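1. Sequence and predicted structure, then a few things I'm wondering about:
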Amino acid sequence: MALKCSNPAWRIICVLLLLSGVAACSSVSITGEESAGVYESGIASFYADRHQNHKTASGERYQHHLNTAAHRTLPFGTFVKVTNLDNGKSVVVKINDRGPFVAGRIIDLSKSAFGQIGELSEGLLRVEIDRVD
């Protein structure tokens with residue numbers, strides 16, 4: 001039986017149900033408390049060349065050669081270790097931007113940081129993120 005969402009009140013309920021279902025099916029896993037260390041696993045990407053020298057959400061300018069990253073919720077200045085799940089290589093990056101804004105991705109790495117743990121030609125990597133204190 002399908003829900004009818006023609007009534008404005010039912011539309012809101014339908015949207016909330018849909019969003020809760022999407023959140024339940026997310027490929028990102030988070031465990032532990034943020035203050036004790038953040039753990040996530042998911043997909044990492046890297047910044048396109050067009051972002052070079054543009055201001056990030058923190059006000060810093062993006063530089064390909066620096067080990068920085070964008071994350072949706074971690075505070076600016078937080079350091080995280082990003083580990084490629086396919087080869088075990090890791091890099092420590094500083095969060096200085098917001099994003100990624102593509103479904104299924106959990107972190108956008110600088111070009112340099114991405115290249116230290118994977119091949120740029122891959123475009124996307126399966127990674128784990130651990131907060132570094």
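-> Yep, it's here.
2. the strands in the protein, which residues?
-> 29-31, 39-46, 68-70, 79-84, 90-97, 105-109, 125-132 (DSSP state E).
3. Identify the neighbouring strands of the last one in the sheet and state each direction.
-> Each strand paired with strand 125-132, and its direction, by DSSP bridges: strand 39-46 (antiparallel), strand 79-84 (antiparallel).
4. mind checking which helix or strand of this protein has the lowest mean pLDDT?
-> One helix or strand of the chain scores below all others by mean pLDDT, DSSP states H and E: strand 29-31, with a mean of 40.
5. from memory D108 sits against F46, does it?
-> Yes. Applying Cβ atoms under 8 Å, one finds D108 in contact with F46, separated by 6.6 Å. Using the backbone N, CA and C atoms, a C-beta is placed for each residue, glycine as well.
6. Identify the contacts common to the two.
-> Shared contacts of D108 and F46 (Cβ atoms under 8 Å, 6 or more residues apart in numbering): none.
7. circling back to that earlier point, possible to save the strands paired with strand 125-132 as JSON lines with mean neighbour count and mean pLDDT?
-> Below are these laid out as JSON lines (neighbours: other Cβ atoms under 10 Å; pLDDT from 0 to 100):
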{"stretch": "strand 39-46", "mean neighbour count": "20", "mean pLDDT": "91"}
{"stretch": "strand 79-84", "mean neighbour count": "20", "mean pLDDT": "96"}
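8. Distance check, R61 against F46.
-> 17 Å (Cβ to Cβ, to the nearest Å).
9. so where's the protein uncertain?
-> Residues of the chain meeting the criterion pLDDT under 70: 1-38, 49-51.
10. hmm, try it at 80
-> The chain contains residues with pLDDT under 80 at 1-39, 47-53, 133.
11. residue contacts, I129?
-> 38-41, 71, 80-83, 106-107.
12. could you measure the nearest residue to it once chain neighbours are set aside against H64, distance?
-> Nearest residue to I129 in three dimensions, chain neighbours excluded: E40, at 4.5 Å (Cβ to Cβ, 6 or more residues apart in numbering). Distance, E40 to H64, by Cβ to Cβ: 24 Å.
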